[in-house]
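K.L.:
Task: produce atomic coordinates for the following.
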Amino acid sequence: MSIEVGSRKPLLVRRESVAHIGVRKRILFASDLHLRKHGPPHIVDGLVEIASREYPDLVLLGGDLVDWTSGLEPLQSLVRRLSRVAPVGAVAGNHDRWIGVARVRAAVLAGGGRWLQDAPWFLTSDFAVYGSSEQPVQAASHHLLCTHHPGATLGRHFDLTLSGHLHGGQFVFYQRHGRLYPGAFLYRWNGLRFDDEGKTLLISRGVQDTLPLRWNCPREVLIVDI
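P.N.:
You can find the predicted model right below:
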């Protein structure tokens with residue numbers, strides 16, 4: 001058990017494999033950046049350092065990208081730097097709606113990234129990446145959804161869903177059957193990984209928080225080999 005006040009500890013790199021997809025690609029998934037004035041720099045630099053070290057084929061940002069309008073410039077800079085490593089796609093979270101999704105989208109596009117909620121994106125000719133569960137199904141063998149809220153996506157046509165942070169809270173007292181408690185008493189998807197009939201849902205603990213206080217819930221990015 002450990003407590004973290006603030007966001008000074010290094011980001012945990014959590015490794016996941018979804019081998020049944022079999023496209024031999026690596027994805028870096030980072031959610032809940034909650035960027036504000038200047039980043040802060042150790043968050044932005046830490047994400048770039050991990051990307052440079054891990055050589056992902058794709059970087060996906062899963063919403064709650066900024067907390068204040070002052071975070072738009074650091075977001076644009078981060079996307080630009082990540083784009084030098086791999087293509088970057090992003091979606092909005094609830095905090096981005098408070099700032100204005102159009103403004104957050106513009107920062108991502110200005111940095112050279114892609115706004116996944118505009119249209120599906122093909123990682124390969126046979127692997128489609130979606131920014132919304134409502135987007136039309138593409139003619140592909142494999143389907144990946146990048147989203148902020150996991151919702152009821154497991155068991156649909158997505159082989160893999162990458163979702164934003166634990167909306168059941170960042171205080172974890174124990175884990176049971178893959179779910180984290182006490183948050184799982186209130187929120188069904190308060191867990192890290194769910195598998196069902198060849199479909200996988202991975203949920204991130206998030207990079208940062210508006211209220212920077214955690215218990216036994218390390219801040220993280222995901223490296224997912226598919």
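
K.L.:
Low-confidence regions, this structure specifically.
P.N.:
For the chain, the stretches with pLDDT under 70 are 1, 152, 154-155.

K.L.:
quick one: the helices in it?
P.N.:
In the chain, the helices defined using DSSP state H lie at 41-54, 72-83, 94-99, 101-110, 183-186.

K.L.:
Distance to residue 124 and mean neighbour count added to the ones you listed, as CSV?
P.N.:
All C-beta spots, glycine's among them, are computed from the backbone N, C-alpha and C. Formatted as CSV, those follow (distance: least, C-beta to C-beta, whole Å; neighbours: other C-beta atoms under 10 Å):
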stretch, distance to residue 124, mean neighbour count
helix 41-54, 19, 17
helix 72-83, 19, 21
helix 94-99, 28, 17
helix 101-110, 22, 18
helix 183-186, 35, 16
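
K.L.:
Now render these as JSON lines, adding distance to residue 33.
P.N.:
Formatted as JSON lines, these follow (distance: least, C-beta to C-beta, whole Å):
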{"stretch": "helix 41-54", "distance to residue 33": "7"}
{"stretch": "helix 72-83", "distance to residue 33": "7"}
{"stretch": "helix 94-99", "distance to residue 33": "9"}
{"stretch": "helix 101-110", "distance to residue 33": "11"}
{"stretch": "helix 183-186", "distance to residue 33": "21"}
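
K.L.:
Alpha carbons of stretch 126-146, as CSV, please.
P.N.:
Taking C-alpha atoms only, stretch 126-146 is exported to CSV below (Å, rounded to 0.1, in the frame of the first residue of the first chain):
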residue,chain,number,x,y,z
ASP,A,126,-7.0,-4.5,-42.0
PHE,A,127,-7.0,-2.8,-38.6
ALA,A,128,-9.5,0.0,-37.9
VAL,A,129,-9.2,2.4,-34.9
TYR,A,130,-12.3,4.2,-33.7
GLY,A,131,-12.9,7.2,-31.5
SER,A,132,-16.5,6.5,-30.8
SER,A,133,-18.6,3.3,-30.4
GLU,A,134,-21.2,4.9,-32.6
GLN,A,135,-19.0,5.2,-35.7
PRO,A,136,-19.9,2.9,-38.6
VAL,A,137,-18.2,-0.4,-38.7
GLN,A,138,-15.4,-0.5,-41.2
ALA,A,139,-14.4,-3.3,-43.6
ALA,A,140,-11.6,-4.7,-41.5
SER,A,141,-10.7,-7.9,-39.7
HIS,A,142,-9.7,-6.1,-36.5
HIS,A,143,-11.3,-3.2,-34.6
LEU,A,144,-9.9,-1.0,-31.8
LEU,A,145,-11.9,1.6,-29.8
CYS,A,146,-10.1,4.4,-28.0
